[in-house]
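Q: would you be able to build a 3D model of this:
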Amino acid sequence: MASTPEKPTPAASRRKTGRHRGEGQWAAGHMTPLNANEQTKKDDDGLNVRTRIETIYAQRGFDSIDGADLRGRMRWWGLYTQRKPGIDGGKTAILEPEELDDKYFMLRVRIDGGRLTTEQLRVIGEISEEFARGTADLTDRQNVQYHWIRIEDMPEIWRRLEGVGLSTTEACGDTPRVILGSPVAGIAEDEIIDGTPAIEEIHRRIIGNKAFSNLPRKFKSAVSGSPLLDVAHEINDIAFVGVNHPEHGPGFDLWVGGGLSTNPKIGVRLGAWVPLDEVADVHEGVISIFRDYGYRRLRTRARLKFLVADWGPEKFRQVLEDEYLRRKLVDGPAPEQPVQQWRDHVGVHRQKDGRFYVGFAPRVGRIDGATLTKIADVAAEHGSGRLRTTVEQKMIVLDVEEDRIESLVSGLEALDLRVNPSPFRRGTMACTGIEFCKLAIVETKARGASLIDELERRMPEFDQPITININGCPNACARIQVADIGLKGQLVLDDEGNQVEGFQVHLGGALGLEPGFGRKVRGLKVTSAELPDYVERVLKRFEAEREGDERFATWAARADEEALS
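A: Numbers count the residues shown, from 1 in each chain. Next up is the predicted model:
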């Protein structure tokens, strides 16, 4: 179906694309690597590094690892070196990679569609306790991340994960990352269509396939048939969003080109309706376009969003149809806007089979292995053995009988996992931060947890949906641009002129109801120590000035700068 990297179609080789000569597009004949990353991938496919990990590096230790594998190809198996302890944020952009590298790794376990069994969660928890010093973070990509992983332990970790059907394959790197899915696919009463079969078929075709293991950069996918739009489809490279076609019935609306980081872009609709059994074909076509036409010259322009911005949706759809699918797509309607702001499925909700699912919130996704094994035990006792992770750093227990809900909620609350959390716990998200991340400038996880506690103490009556996203650097892993209050970590000056950890503030970003990026108030930066005071102040002004049922994002867009300061 799709053209191979070595043999671009004649039409592709003649096409003029991009704003620069030599963008590094394979389809334009630019097969010569134009930077060190591309050369590394050409020298050896990242998928091949696992053999070296198992037969050489795990036997000989960290110091035996080749540099191109250490800071490149090992990502294809979910491994990043973590930050060496004691290096402050001011040195993040100054030190060489080998000076920042610790001899331990972050390991990402991919959980496609957020689907877990209690057996799998128990194994994840046991690995955390035995090999990761108890660490285990729920991410906003439905994954689990460990820290403190030793290279010597990787063969055994893989054996245990794969023994229960889990994987770290292409969890990082210039690859097709985890496929996001609605955490209530197949069970929600209001579901438009269940995207699970499509996720399974995409995974079967794409993951671990060397035809797609050398992309210009990462490729993020999402499939959801929920009317809550619960996979942040607006900021994925490709997203399939459930819609009802007036003639053809339930299917998916196709979006491409979303992404955040330092050049955020909301994805665009191609105006195409895709039936369930064609989702994998269309996904393969779009990822093939990215592979063949994506910009490989500069890493800063290597995401699909830049190609989509240059081409526009009409040309992108034409290339997809004419060169890859070899057929026209059906025109279709846009998804309807969700009726509520929360999209995390927290709380108690009826399933279409009459049972219930129960969503709960840890603090900023931070959890530990011992707690994960206890969650598995509680879920196994009260449900059918099925759990889900969400794109909001939350978790859900499925298939709970009505007479077991109260007992389950009590069991979760005993673990400090809230089924009815405050808006602050429910809406605060944080990336890994300086504790482990080599790109970070400030601390995030502990800062977010303490902010939740402080706001709950100061504003116990506050009951409006609010998202507070905390990021340790400009790369937006915690989606700061689309939060009500987005906090981008940087070093700032305090009142005494000292350089301290702090944040640049973005206000009024949103997904769903009114997608858009937050507003930056000129010169508005707060120190970490001042953060609770600032958030309390701006939320109280919102309460005082909001009109009717006005949302925070709407108020922030119209408020004067003094009210936001």
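Q: burial measure for His30, as a count.
A: 17 (other C-beta atoms under 10 Å). Bear in mind the C-beta positions are built from the backbone N, C-alpha and C, glycine included.
Q: and it, what does it touch?
A: Shown in contact with His30 (C-beta atoms under 8 Å, 6 or more residues apart in numbering): 22-24, 296-297.
Q: what subset of these is buried?
A: Among those, the ones that count as buried by 16 or more other C-beta atoms under 10 Å are 23-24, 296-297.
Q: just to revisit the earlier point, out of the contacts of His30, what pair is the most spread apart?
A: Gly22 and Arg296 (9.7 Å; C-beta to C-beta).
Q: what sits in contact with each of those two?
A: The contact lists of Gly22 and Arg296 share 30, 34, where a contact means C-beta under 8 Å, 6+ apart.
Q: from the buried ones among the contacts of His30, which is closest to Val378?
A: Of all those, Val378 sits closest to Arg296, with 47.6 Å by C-beta to C-beta.
Q: helix, strand or coil for the closest residue to that closest one other than its chain neighbours?
A: Residue nearest to Arg296 in three dimensions, not counting chain neighbours: Gly24, with 3.1 Å by C-beta to C-beta, 6 or more residues apart in numbering. Taken by DSSP: H, G, I helix; E, B strand; the rest coil, the conformation at Gly24 corresponds to coil.
Q: likewise Gly489?
A: Strictly by three-state DSSP, Gly489 counts as strand.
Q: from Arg110, how far out is it?
A: From Gly489 across to Arg110, the span is 26 Å (C-beta to C-beta, to the nearest Å).
Q: same thing with Pro335?
A: 26 Å.
Q: phi first, then psi, for the residue lying farthest from the centre of the chain.
A: Farthest-out residue of the chain from its mean C-alpha position, per C-alpha atoms, centre = their mean: Glu496, at 37.8 Å. Here is the backbone geometry of Glu496 (degrees, to the nearest 10): phi -90, psi 0.
Q: list the contacts of Asn469.
A: Contacts of Asn469 (C-beta under 8 Å, 6+ apart): 428-430, 478-480, 482-483, 485-487.
Q: for the stretch 251-400 of the chain, just list every one of the strands.
A: 268-274, 330-331, 347-350, 356-360, 366-368, 386-389, 395-400 (DSSP state E, counting those that start in this stretch).
Q: which one of the ones you listed lies closest to Ala449?
A: Of all the strands of the stretch 251-400 of the chain, the one in closest proximity to Ala449, counting by C-beta to C-beta, is strand 366-368 (6.7 Å).
Q: which one is the residue most central in space within the chain nearest to, not counting chain neighbours?
A: The centre of the chain sits closest to Arg141, judged by C-alpha atoms, centre = their mean, with a distance of 3.1 Å. Using C-beta to C-beta, 6+ apart and skipping the chain neighbours, the partner closest in space to Arg141 is Val178 (5.4 Å).
Q: so what's Gly78 up against?
A: By C-beta under 8 Å, 6+ apart, the neighbours of Gly78 are 107-110, 168-172.
Q: re earlier: turn the strands of the stretch 251-400 of the chain into JSON lines, columns for mean neighbour count, distance to Arg291 and mean pLDDT.
A: Formatted as JSON lines, the strands of the stretch 251-400 of the chain follow (neighbours: other C-beta atoms under 10 Å; distance: least, C-beta to C-beta, whole Å; pLDDT from 0 to 100):
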{"stretch": "strand 268-274", "mean neighbour count": "21", "distance to Arg291": "18", "mean pLDDT": "98"}
{"stretch": "strand 330-331", "mean neighbour count": "12", "distance to Arg291": "25", "mean pLDDT": "98"}
{"stretch": "strand 347-350", "mean neighbour count": "16", "distance to Arg291": "39", "mean pLDDT": "98"}
{"stretch": "strand 356-360", "mean neighbour count": "24", "distance to Arg291": "36", "mean pLDDT": "98"}
{"stretch": "strand 366-368", "mean neighbour count": "20", "distance to Arg291": "36", "mean pLDDT": "95"}
{"stretch": "strand 386-389", "mean neighbour count": "23", "distance to Arg291": "28", "mean pLDDT": "98"}
{"stretch": "strand 395-400", "mean neighbour count": "24", "distance to Arg291": "34", "mean pLDDT": "98"}
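Q: closest one to His245 among those strands?
A: strand 268-274 (4.9 Å).
Q: got the CA positions of that closest one in PDB?
A: C-alpha atoms of strand 268-274 as PDB (Å, rounded to 0.1, in the frame of the first residue of the first chain):
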ATOM      1  CA  VAL A 268      -6.400  20.200  11.600                       C
ATOM      2  CA  ARG A 269      -9.400  18.200  10.200                       C
ATOM      3  CA  LEU A 270      -9.000  16.700   6.800                       C
ATOM      4  CA  GLY A 271     -12.800  16.600   6.500                       C
ATOM      5  CA  ALA A 272     -12.700  12.800   6.000                       C
ATOM      6  CA  TRP A 273     -14.900  10.200   7.600                       C
ATOM      7  CA  VAL A 274     -13.200   6.800   8.200                       C
END
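Q: helices or strands up against it?
A: For strand 268-274, the packing partners by 3 or more C-beta pairs under 8 Å, 6 or more residues apart in numbering; DSSP states H and E come out as strand 238-245, strand 249-256, helix 313-319, strand 330-331.
Q: ok, the shortest one: who's next to it in the sheet?
A: For strand 330-331, the pairing partners within the sheet under DSSP bridges are strand 268-274 (antiparallel).
Q: now stretch 485-501, how far from the chain's geometric center?
A: 26 Å (C-alpha atoms, centre = their mean, to the nearest Å).
Q: so which bits of it are buried?
A: Buried, per 16+ other C-beta under 10 Å, within stretch 485-501: 485-492, 501.
Q: straight-line length of that stretch, end to end?
A: 18 Å (C-alpha to C-alpha, to the nearest Å).
Q: just the mean pLDDT for that stretch, thanks.
A: Here stretch 485-501 scores 95 as its mean pLDDT.
Q: hmm, back to that, tell me how far the residue farthest from the centre of the chain lies from Asp88.
A: Shown here: Glu496 relative to Asp88, a distance of 18 Å by C-beta to C-beta.
Q: over to Ala510?
A: Taking C-beta to C-beta, one finds Ala510 at 34 Å from Asp88.
Q: quick one, which of the two is more surrounded?
A: A count of neighbours by other C-beta under 10 Å puts Ala510 above the other of Ala510 and Asp88, at 23 against 12.
Q: if I read this right, that one contacts Gly516, doesn't it?
A: Yes: with contacts counted by C-beta atoms under 8 Å, Ala510 reaches Gly516, the gap being 5.9 Å.
Q: who are the packing partners of the host helix or strand of Met154?
A: Taking DSSP states H and E as the criterion, Met154 maps to helix 154-163. With contacts defined as 3+ C-beta pairs under 8 Å, 6+ apart, helix 154-163 has these neighbours: strand 101-109, helix 118-131.
Q: closest to Thr262 out of these?
A: strand 101-109 (21.4 Å).
Q: name the residues of the closest one that are buried.
A: Buried, per 16+ other C-beta under 10 Å, within strand 101-109: 101-102, 104-109.
Q: is it possible to get JSON lines of these that adds pLDDT and distance to Tyr57?
A: Converted to JSON lines, the buried residues of strand 101-109 look like this (pLDDT from 0 to 100; distance: C-beta to C-beta, whole Å):
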{"residue": "Asp101", "pLDDT": "94", "distance to Tyr57": "14"}
{"residue": "Asp102", "pLDDT": "96", "distance to Tyr57": "16"}
{"residue": "Tyr104", "pLDDT": "98", "distance to Tyr57": "13"}
{"residue": "Phe105", "pLDDT": "98", "distance to Tyr57": "11"}
{"residue": "Met106", "pLDDT": "98", "distance to Tyr57": "16"}
{"residue": "Leu107", "pLDDT": "98", "distance to Tyr57": "14"}
{"residue": "Arg108", "pLDDT": "98", "distance to Tyr57": "18"}
{"residue": "Val109", "pLDDT": "98", "distance to Tyr57": "20"}
